[in-house]
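In: Could you look at this predicted model? Sequence included:
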Amino acid sequence: MNEVADATRFAELWSSLADVGRDRVTGGYRRFAWTSADLACRDWFASQAADRGLTVEIDRNGNQWAWWLPESGALGAAANADERRNALAIGSHLDSVPDGGAFDGPLGVISALAAVDLLRARDWRPQRPIVIANFADEEGARFGIACAGSRLLTGQLDAAKARALRDGDGVRLADAMESAGQDPDALGRDDERLASISEFVELHIEQGRGLIDQDAPVGVASSIWPHGRWRFDFAGEANHAGTTALDDRRDPMLTYANTVLSARKKARLGGALATFGKVSVEPNGTNAIPSRVSAWLDSRAPDEAALDAVVEQISEAARERGARDGTTVEVVNESRTAIVEFDHGLRDKIRKTLTDVFGPVPQLPTGAGHDAGILAAELPTAMLFVRNPSGLSHTPAEHAEAADCLTGVAALAEVVAQLAGAQPGKNRGSGA
Ligand code: GLV
Ligand code: MN
Ligand code: MN
């Protein structure tokens, strides 16, 4: 292969999304599901797809799909369900965590569009449908459940439970979706759509240092660690900060603080990860002992037993400390994702394709969750990772070099050509 995506076109595509939902002060992104920033991202996706003659659909769960159909000559002419069978899906998500980086999600969507451009420039035509996905609400930053769009699509998130989720301001997911023109009553497993997709390949920035350490611009995912989110509610007694003797306090902040320290220790001893990254305090006054602290534990581990063990140990440490502090502790599991082993056949095929073109391509596990991990329960899925020179992610400092991004596009195009061409290489022209 070795033809690469056009650097100028890629840069233009990149900059056309760069300002959407970006905080001017921090430079980070705040593209939370169904907010105006997210809707602007969705409009951007629809317009990029339209510019390429792709037909955009929004499914019952709010995920966007842009179709490139075979035999239509012009890209993506309207077609019935029969013509959409056996599709190869590519893409990722456009929403972000609070103060997220530019690459987590958008790199996969932008690379999918650029891969289509690259294949068209070569005069390549698909032998089966290709569809670019923009999955809704991957980060769960607003309503708390990560990969909500793909979980709803597969039925892994119950529709009634999803409708009732509330954001930090008390807005229900159902109402947020309705305000955005999406029918919340339609949420639920979508058998027809799942039946139309045969494979999903998600390109994503790597969120660790695996590829730097192996000196490779692109890698292939092997597995995703099991992970989940647990809400810890610490309840005590509100009182005056200046008049309440230390011995008389029932301070949930103290129990929370000790739980954070315990989490770190238990995770280290158990070979797991444990993070308290979000906390809410009532009444949140400087001169008042809080009545309540709610904090969210994100925990991940190489296997299910290690994950169960670390969460149980942290919960137990919290309860023990609560008994000493005169506080109560309730632990509620808000989401949990089992270990994902990506489809070996698809992974090996992709690895061989890329190795033939780029030389050795590392295979690596990740602790980050992805829509490809959710869809893996339904159909063969795979992931390509693009090198992240600092390993930083979920921060405005997240970065990938332009040359590596272009290699990622070339790799994705090669994978698409391999998987959706009649025979590898047969349909390729000499262009671009
Ligand atoms: C998704 O980015 C996650 O939190 O793993
Ligand atoms: Mn993320
Ligand atoms: Mn992501």
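Out: Received it, and whenever you're ready, just let me know what you need. Numbers count the residues shown, from 1 in each chain. Ligands and ions are numbered 1, 2, ... in the order given.
In: got the contact list for stretch 409-416?
Out: 1-5, 10, 88, 90, 111-112, 114-115, 118-119, 126, 130, 201, 203, 218, 350, 353-354, 357-358, 384 (C-beta atoms under 8 Å, 6 or more residues apart in numbering). The way it works is simple: take the backbone N, C-alpha and C, and place the C-beta from them, glycine included.
In: Which among these count as buried?
Out: 1, 4-5, 10, 88, 90, 111-112, 114-115, 118-119, 126, 130, 201, 203, 218, 350, 353-354, 358, 384 (16 or more other C-beta atoms under 10 Å).
In: Can you name the residues of the stretch 101-250 of the chain sitting close to ligand 3?
Out: Contact residues (C-beta under 5 Å from the ion) of the stretch 101-250 of the chain with ligand 3: 104-105.
In: Please, where are all the helices along the stretch 101-250 of the chain?
Out: Assigned by DSSP state H, counting those that start in this stretch, the helices in the stretch 101-250 of the chain fall at 106-121, 148-154, 159-164, 173-179, 191-196, 210-213.
In: What average pLDDT does the fifth one get?
Out: It refers to helix 191-196. For helix 191-196, mean pLDDT is 97.
In: So which bits of that helix are buried?
Out: 193, 196.
In: by contact count, what packs against that helix?
Out: helix 148-154 (3 or more C-beta pairs under 8 Å, 6 or more residues apart in numbering; DSSP states H and E).
In: 10 Å instead, please
Out: In terms of contacts (3 or more C-beta pairs under 10 Å, 6 or more residues apart in numbering; DSSP states H and E), helix 191-196 is packed against strand 64-68, strand 87-93, helix 148-154.
In: again with the fourth one
Out: Contacts defined by 3+ C-beta pairs under 10 Å, 6+ apart place helix 173-179 against helix 159-164.
In: Would you mind listing the buried residues in stretch 331-347?
Out: In stretch 331-347, counting by 16+ other C-beta under 10 Å, buried: 331, 335, 337, 339-340, 342-343, 346-347.
In: now the helices and strands packed on helix 191-196 in TSV, with mean pLDDT?
Out: Listed next are the helices and strands packed on helix 191-196 as TSV, based on pLDDT from 0 to 100:
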stretch	mean pLDDT
strand 64-68	97
strand 87-93	98
helix 148-154	98
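In: To Gln363, which of these lies closest?
Out: Among the helices and strands packed on helix 191-196, strand 87-93 comes nearest to Gln363, with 19.2 Å by C-beta to C-beta.
In: That closest one and ligand 1, any residue contact?
Out: No - applying C-beta under 6 Å from any ligand atom, one finds strand 87-93 separated from ligand 1 by no less than 9.0 Å.
In: just stretch 329-348 next, same as before
Out: No - Stretch 329-348 stays clear of ligand 1 (C-beta under 6 Å from any ligand atom), getting no nearer than 8.8 Å.
In: and that stretch, how far out from the chain's middle?
Out: 13 Å (C-alpha atoms, centre = their mean, to the nearest Å).
In: likewise stretch 223-242?
Out: Per C-alpha atoms, centre = their mean, the centroid offset for stretch 223-242 relative to its chain is 23 Å.
In: which of the residues in it are buried?
Out: Buried, per 16+ other C-beta under 10 Å, within stretch 223-242: 223-239.
In: Stretch 278-294 too?
Out: 278, 281, 288-294.
In: does any bit of it sit next to ligand 1?
Out: No - using C-beta under 6 Å from any ligand atom, stretch 278-294 stays clear of ligand 1, with a minimum separation of 11.8 Å.
In: now what about that stretch, what contacts it?
Out: 98, 141, 144, 168, 229, 231-242, 244, 248-257, 259-260, 295-298, 327-330, 332 (C-beta atoms under 10 Å, 6 or more residues apart in numbering).
In: how long is that stretch end to end?
Out: One end of stretch 278-294 to the other measures 8 Å (C-alpha to C-alpha, to the nearest Å).
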